[in-house]
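>>> Sequence first, predicted model second:
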Amino acid sequence: RIVYVNGDYLPEEEAKISIFDRGFLMSDGVYEVTSVLNGKLIDFPGHATRLERSLGELDMASPVSMDELLAIHRELVSRNEIEEGLVYLQITRGAPGDRDFAFPDPSTTPSTIVLFTQNKPGLADSPAAKTGTKVISIEDIRWGRRDIKTVQLLYPSMGKMMAKKAGCDDAWMVEDGFVTEGTSNNAYIVKGGKIITRELSTDILHGITRAAVLRLAAEAQMEVEERNFTIDEAKQADEAFTTSASAFVMPVVEIDGVTLGNGTPGTVARRLREIYLEESLKTAI
Ligand code: PMP
């Protein structure tokens, strides 16, 4: 696989990062994941815009322009012959010579930028989308700026392991009784045909797929309500689903062992997945 590191395209085994990189030492960095379908990037402008916002919130500058970023994404997709898969991008606050809590001077410590692809044939035709997924609920004990897409992913990773241990696919995180989001996706329930999802704030990541799906739902005359919902309300919903760049719209059929509806993906989730994939393929670049 050919990867990109600080201006160079290299075979992955030749790519090197300093042990002093603040991404490695302090999780001081941000990332984006963009899906590839038919060899093209899905929702790229949204991911680029969110990246700039994440960097700005952390007082970091991008080492490349957004146009260059698009060019790098395309180059990697092409060199690695990705038809279906994803592009991972990470920018960290570089590698000052020593470990120090204070941010280094960006004029002497340039940020580190890394991109790589993951090949995922059959991404759009996922078996999990046909059967639906099972989630457990766990307490949300993450920090308070979940709107910044940082590489601090230890708790979401632990949540995923807790779900696996329970024989489930993923975990929904709950704060003060209300669902915040999934470990790597935004969470939705459907009741009486109405799509309910938590409103945007610093409590959750502002999903790029969320924005697209809510826009498409409104265009399809589906009713959407952005408000907090409790995990108990979720267990009594007609259906549930999640959205993310890497799994699109994913039906949820069980929460904490409680089966939703008849235990198969709901009509709203299935329709949204179809509409989203269709629209994404049209607007992919
Ligand atoms: N919430 C969290 C915590 C996530 O990690 C992700 C995926 N990165 C999302 C939501 C979904 O965001 P997007 O649709 O932009 O992938």
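Sure, I can see it.
>>> In contact with residue 83, which residues?
36-39, 121 (Cβ atoms under 8 Å, 6 or more residues apart in numbering). Backbone N, C-alpha and C define where each C-beta goes, glycine included.
>>> What about the residues you listed, which one has the most neighbours?
residue 36 (26 neighbours; other Cβ atoms under 10 Å).
>>> Next to the ligand, which bits of this structure? Give me the list.
Within the chain, the positions near the ligand by Cβ under 6 Å from any ligand atom are 33, 181, 184-186, 205, 207-210, 243-245.
>>> ok, which pair from those residues is furthest apart?
Spatially, the most separated pair among the residues of the chain next to the ligand is 33 and 181, at 15.1 Å (Cβ to Cβ).
>>> picking that back up, just the ones in strands from the contacts of residue 83, please.
Among these, DSSP state E puts 36-37 in strands.
>>> Could you dump the contacts of residue 83 into TSV with pLDDT added?
Rendered in TSV, the data for the contacts of residue 83 read as follows (pLDDT from 0 to 100):
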residue	pLDDT
36	98
37	98
38	97
39	98
121	97
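>>> Identify the residues contacting the longest helix anywhere in the chain?
Taking DSSP state H as the criterion, the chain has its longest helix at helix 267-283. Contacts with helix 267-283, where a contact means Cβ under 8 Å, 6+ apart, come from 35, 37-38, 40, 42-43, 124, 129, 190, 193, 195, 209, 212-213, 216-217, 220, 222, 239-241, 243, 248-252.
>>> Could you identify the buried members of those?
Buried members of the contacts of helix 267-283, scored by 16 or more other Cβ atoms under 10 Å, are 35, 37, 40, 42-43, 124, 129, 190, 195, 209, 212-213, 216-217, 222, 239-241, 243, 248-252.
>>> Please work out how many residues are found near residue 282.
As a burial measure, residue 282 scores 7 neighbours (other Cβ under 10 Å).
>>> swap that for residue 221, sorry
6.
>>> Can you check the pLDDT for it?
You'll see residue 221 listed with a pLDDT of 97.
>>> Does it belong to a helix, a strand or coil?
Classification of residue 221 by DSSP: H, G, I helix; E, B strand; the rest coil places it in coil.
>>> residues in contact with the helix or strand that residue 76 is a member of?
Following DSSP states H and E, the helix or strand that holds residue 76 is helix 66-79. Here helix 66-79 makes contact (Cβ under 8 Å, 6+ apart) with 2-4, 9, 34, 36, 39-41, 44, 48, 51-52, 62, 64, 82, 87, 89, 115-117, 285.
>>> In contact with whichever residue of the stretch 1-150 of the chain sits closest to the ligand, which residues?
Here the stretch 1-150 of the chain gets closest to the ligand at one residue, residue 33, 5.8 Å apart by Cβ to the nearest ligand atom. Residue 33 makes contact with 47, 86-89, 245-246 under the criterion Cβ under 8 Å, 6+ apart.
>>> Pull the most distant pair out of these.
Longest span within those, Cβ to Cβ: 89 and 246, 13.0 Å.
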